[in-house]
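Visitor: show me the folded form of this:
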Amino acid sequence: MDINLSKLNYSFKRKPLLVGGKAMEYYGLRQAGTDIDFLADEEDIRQLIKLYPDRVKNLYSDLGVCPLEFEIWRTIRLFSYDDLFEDAIDKGDYLVISIEKLLLMKALAMEQEKYLKDTQLIAAKISKDQYEKFDQEKSKVAELLSGVENVTYLEKVGPNK
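Guide: Next comes the predicted model:
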C-alpha cells in the first residue's frame, strides 16, 4: 500500500495514524475509497491548518484538515491520536491503527450501515485469527490437565480433532 505523504509539503512531528478505509484495506478486509484518513498529533494539526486554512472541517468538534486526498483529524468521535496510537503498526512514514482499536472506532459508528459492515468484517477476521490457534491451545489444555484424574466437564464443546 503506497501512501505518499511527501506531497503535503509537511514533516510530521509524530507519525500520523492511518485509520478508516485504508486501514481496512491494510488488514485485507475491503478496498478503501478515494480519501485517506489519518489521526495526527495536535501540534501537527495546528501546523497543517496553517498550511491549508481553506481545507478545514469541524464535525461536532472533531477538527480536521483535508488537503488533496487526505483527511487528517485531531480527533474522531472525540478520540485523539494519544487515545488510539498504542499497539499501532509502524509503516515508516506513518502508523496503522491496531485492528482492535479499528474495531472500536467502527463499532462506535455502526449506526451507519457501512460501519456496521466494517465492524462485522473486523470481528470475523479477529475470530478467524484466534481460531487458527486452536490446535496449539488444545495441546496446552491437554498438558494442563495431564496427571489430573477424573476430570468431569460441566460443559465441553468444540471440534474433536
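
Visitor: looking at the chain, which helix is longest?
Guide: Counting by DSSP state H, the longest helix found in the chain is helix 113-131.

Visitor: tell me what it is packed against?
Guide: With contacts defined as 3 or more Cβ pairs under 8 Å, 6 or more residues apart in numbering; DSSP states H and E, the packing partners of helix 113-131 are helix 20-26, helix 99-108. Where C-beta positions appear, they are placed from N, C-alpha and C, glycine not excepted.

Visitor: what inclination does it have with respect to helix 99-108?
Guide: Put simply, helix 113-131 runs at 150 degrees to helix 99-108, going by axes from the mean of the first three to the mean of the last three Cα atoms, to 10 degrees.

Visitor: report the contact partners of Leu116.
Guide: If you count contacts by Cβ atoms under 8 Å, 6 or more residues apart in numbering, Leu116 has them with Met110.

Visitor: any idea how far it is from Leu104?
Guide: Computed with Cβ to Cβ, to the nearest Å, the distance linking Leu116 and Leu104 is 14 Å.

Visitor: do the same with Lys13
Guide: Distance, Lys13 to Leu104, using Cβ to Cβ: 25 Å.

Visitor: neighbour count: those two, which is higher?
Guide: Using other Cβ atoms under 10 Å, the more surrounded residue of Lys13 and Leu104 is Leu104, with 17 against 12.

Visitor: which ones are touching the more buried one?
Guide: Here Leu104 is in contact with no residues (criterion: Cβ under 8 Å, 6+ apart).
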